[in-house]
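K.L.:
let's see this in three dimensions:
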Amino acid sequence: MEKHAIVPDVLDKIPQKVLEVVYTGNVKVDLGNELTPTKVKDPPTVKWDAEEGSFYLLCMTDPDAPSRSNPKFREWHHWLVGNIPGNDIAKGQVLSEYIGAGPPKGSGLHRYIIVVYKQSGKLNFDEKELTNRSGDGRGKFSIRKFAAKYKLGDPIAGNLFQAQWDDYVPKLYKQLGS
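P.N.:
Below you'll find the model as predicted:
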């Protein structure tokens, strides 16, 4: 994660543990490997060492929107789920439904960072819940500020992949109404 400048662009500290992230077809996220938007269009399976009775928050964010050289929308978050009991994401509170990678054509590689925070307990989030049918409310996000707002501390685990435009991206933009 250091190699990809996740610190200081997104986080203050590299997570101690690597998050297990696997997409359909056994496509694994591996600390900066390149995956295509086609391969990451559906939500992955994500696993971490969860403590029984604890709650967690999961976030997937892209600090390179619209491009790494011009990140004026940094960060654009793709997925945000809180109050996850253990590592059962399906039972968590979806704050932002999953949207796969959608880098604009010609914008080069984007970094997609997936992190998990341990919550101090079940939280009351005062965020607008976002569907996967619109990109509104996703740009200019900061997981760093979000974590500070809810006193989450540093992420306990993380991983990242990179992606650039492929022919799936126009379908994703259509889904988002853009």
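
K.L.:
can we go C-alpha only for contacts and neighbour counts from here?
P.N.:
Fine.

K.L.:
what about the helices in this protein?
P.N.:
With DSSP state H, the ranges of helices along the chain come out as 6-9, 143-149, 169-175.

K.L.:
looking at the ones you listed, which is buried most?
P.N.:
With neighbours taken as mean count of other Cα atoms under 10 Å, those reach their highest mean count in helix 169-175, at a mean of 16.

K.L.:
tell me what it is packed against?
P.N.:
Using 3 or more Cα pairs under 8 Å, 6 or more residues apart in numbering; DSSP states H and E as the contact test, no helix or strand touches helix 169-175.

K.L.:
let me see the mean pLDDT of it.
P.N.:
Averaging pLDDT along helix 169-175 yields 95.

K.L.:
figure out how far that helix is from the centre of its chain.
P.N.:
Its chain's C-alpha centre and that of helix 169-175 lie 18 Å apart, by Cα atoms, centre = their mean, to the nearest Å.

K.L.:
who does the residue nearest the centre of the chain bridge with?
P.N.:
In the chain, the residue lying closest to the centroid (Cα atoms, centre = their mean) is M60, at 0.3 Å. Beta-bridge pairing for M60 (DSSP bridges): W79, I114.

K.L.:
that'll do, ta.
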